[in-house]
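> Need the 3D shape of this:
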Amino acid sequence: MPVVHVYVWRDFSSEAKRRIISGITEVFAEIGVPAGAVEVIIHEIPRENWGVGGEQASEKFKDVQIP
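Numbers count the residues shown, from 1 in each chain. Sure, this is the predicted structure:
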């Protein structure tokens, strides 16, 4: 059954992770996939290891608060 990999910046709160997992599972359940068969894996990446538009996310998004 589906295995969904989600990549996020490090330091997402436990509540944000719970909502990500729940929301993705709900989408699959809506199309008939049993919720118990949906796996969601969250990978946390430090912002300095994530590049966007040629810049480190830690610099480009330094004012963005992580949920």
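> Report the distance from stretch 19-38 to the chain centre.
On the basis of Cα atoms, centre = their mean, to the nearest Å, stretch 19-38 sits 14 Å off its chain's mean C-alpha point.
> Same check on stretch 14-21?
8 Å.
> Please list the outside residues in contact with that stretch.
With contacts defined as Cβ atoms under 8 Å, 6 or more residues apart in numbering, stretch 14-21 is touched by 6, 8, 12, 40, 42, 66-67. From N, CA and C alone the C-beta is placed, and that goes for glycine too.
> Worst mean pLDDT across the helices and strands of the chain, which element?
helix 57-60 (a mean of 94; mean pLDDT, DSSP states H and E).
> check which helix or strand covers Ile41.
strand 39-45 (DSSP states H and E).
> Strand partners (parallel or antiparallel) of the following helix or strand past that strand?
Toward the C-terminal end, the helix or strand that comes next after strand 39-45 (DSSP H and E) is strand 51-52. Paired strands of strand 51-52, with direction, are strand 55-56 (antiparallel) (DSSP bridges).
> what mean pLDDT would you report for the partner strand?
Strand 55-56 carries an average pLDDT of 96.
> so Ser58 touches Glu48, yeah?
Yes. Here Ser58 lies in contact with Glu48, judged by Cβ atoms under 8 Å, at a distance of 4.3 Å.
> Out of those two, name the residue with the larger neighbour count.
Neighbour tally, Ser58 and Glu48, criterion other Cβ atoms under 10 Å: the higher count belongs to Ser58, 15 against 12.
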